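Colleague: Model the following, please.
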Amino acid sequence: MTDRDFRVLVVDDDFRVAQVHAGFVASVDGFQVCGTAHSAARARELAVELDPDLVLLDVYLPDASGLSLLPGLEADVIMATAAADAASVRTALGRGALHYLVKPFAAEALTARLVAYARYRRALAGTEELSQDAVDAALRELAAPLAAGPARPAGRTPVTAQLVAESL
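Modeller: Got it, this is the predicted structure:
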C-alpha cells in the first residue's frame, strides 16, 4: 500500500446522516471522503468514476437495496445501516462486506473499524505470496475492533445527538 489516503465513498439515503458519517471518516488519519451518494444509481456511477478503496454503504436506499450493490462494487465495503435483521447481515457478509455497523453508532465504532481496515490493507499490500500465518495475521487485524468493549445503547450516540440538535 502506498502512503496515500484510503478513498471512501459514503452511501446513505439521508443526506444528514451521510454528512455525519463523512465527518467521522474525514476525522480518521489516512482516510479521505472522495464522494457521497444518496441512491443506488448514484453510488454505482460514483464507484466507477471515483474508484474508491472503501464504500460505507447503507442498505436502505430509495431506488434499490444497498445489498444489491455489493456484488458489483470493485471496492471493499463496510455496511453502515439501520437494517439489523439477521438476513441482511448474512447477505451483506456473504456478498463480501468486511464489517457491519448498525445505526446509530458512535464515531469510535467506525473509527475502530477504519483503523483495523487500514492495518488489514497494509498487511495485504505486497505482491509476494503470503504464508498462511500472514493471511491469518491480516484477518486478525480486520477483526480486531470486534473484541472492543460494549456498544453504547441505541439512541445515545453522537450521531443521534447531532441529528436531534439539527432538527431543533
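Colleague: Show me the shaky parts of this protein.
Modeller: Scanning the chain for pLDDT under 70 picks out 1-3, 146-168.
Colleague: which residues in it form helices?
Modeller: Using DSSP state H, the helices of the chain run over 15-26, 40-50, 66-69, 86-94, 107-123, 132-143, 158-167.
Colleague: Single out the most deeply packed of the ones you listed.
Modeller: Of all these, helix 66-69 carries the top mean neighbour count, a mean of 22, counting by mean count of other C-beta atoms under 10 Å. Every C-beta, even on glycine, is put in place using the N, C-alpha and C of the backbone.
Colleague: Against which helices or strands is that one packed?
Modeller: Using 3 or more C-beta pairs under 8 Å, 6 or more residues apart in numbering; DSSP states H and E, the elements in contact with helix 66-69 are helix 40-50, strand 54-57, helix 86-94.
Colleague: Tell me how far it lies from the chain's centre.
Modeller: 13 Å (C-alpha atoms, centre = their mean, to the nearest Å).
Colleague: who's in contact with that helix?
Modeller: With C-beta atoms under 8 Å, 6 or more residues apart in numbering as the test, helix 66-69 has contacts from 11, 40, 43-44, 47, 55, 57-60, 79, 81, 88, 91-92, 95.
Colleague: 7 Å instead, please
Modeller: Residues external to helix 66-69 that are found in contact with it (C-beta atoms under 7 Å, 6 or more residues apart in numbering): Val11, Ala40, Ala43, Arg44, Leu57, Asp58, Val59, Thr81, Ser88, Thr91, Ala92, Arg95.
Colleague: want to try TSV for the helices and strands packed on helix 66-69, with distance to Ala137 as columns?
Modeller: Output for these, formatted as TSV (distance: least, C-beta to C-beta, whole Å):
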stretch	distance to Ala137
helix 40-50	29
strand 54-57	20
helix 86-94	21
